[in-house]
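Trainee: test case, fold it:
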Amino acid sequence: MRNPFTVHPRDVGETYLEHGVFACRYGAKMALGGLAAFLHGVFPFLFQTTGSRITRELAATLDASAARARARSESP
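Mentor: Numbering: from 1, shown residues only. So this is what the prediction gives:
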């Protein structure tokens with residue numbers, strides 16, 4: 001039986017620890033972006049570009065991670 005804690009991390013070319021750190025950082029940044037967007041909704045003069053900036057940064061982070069995973073899987 002495959003270890004459920006390592007199947008997905010291995011599929012994306014990471015160890016369990018590497019994946020945990022990446023996912024926790026990603027989630028924390030996502031939560032902060034969500035909080036900024038929420039506060040902007042209530043107070044439109046606050047965080048006018050923060051939510052969209054964090055969204056772009058998260059998309060770039062995920063794209064870079066996927067590219068690294070592809071490169072790892074293609075290397076001998």
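
Trainee: remind me which residues of this structure are low pLDDT?
Mentor: Scanning the chain for pLDDT under 70 picks out 76.

Trainee: from residue 4, how far off is residue 11?
Mentor: Residue 11 sits 12 Å away from residue 4, taking C-beta to C-beta, to the nearest Å as the criterion. C-beta: built from backbone N, CA, C; applies to glycine.

Trainee: between these two, which has more neighbouring residues?
Mentor: residue 11 (11 against 7; other C-beta atoms under 10 Å).

Trainee: in stretch 62-76, what's buried?
Mentor: Buried positions in stretch 62-76, judged by neighbour count with 16 or more other C-beta atoms under 10 Å: residue 65.

Trainee: that one: how far from the chain's middle?
Mentor: Using C-alpha atoms, centre = their mean, to the nearest Å, the mean C-alpha position of stretch 62-76 is found 15 Å from that of the whole chain.

Trainee: for residue 54, give its distance to residue 48.
Mentor: To residue 48, residue 54 is 13 Å away according to C-beta to C-beta.

Trainee: show me which of the two is the more surrounded one.
Mentor: Neighbour count, other C-beta under 10 Å: between residue 54 and residue 48, residue 54 has more, with 20 against 11.

Trainee: in the longest helix along the chain, what's buried?
Mentor: Across the chain, the helix with the greatest residue count (assigned by DSSP state H) is helix 16-42. Under the neighbour-count criterion of 16+ other C-beta under 10 Å, helix 16-42 has 19, 22, 33, 36, 40 buried.
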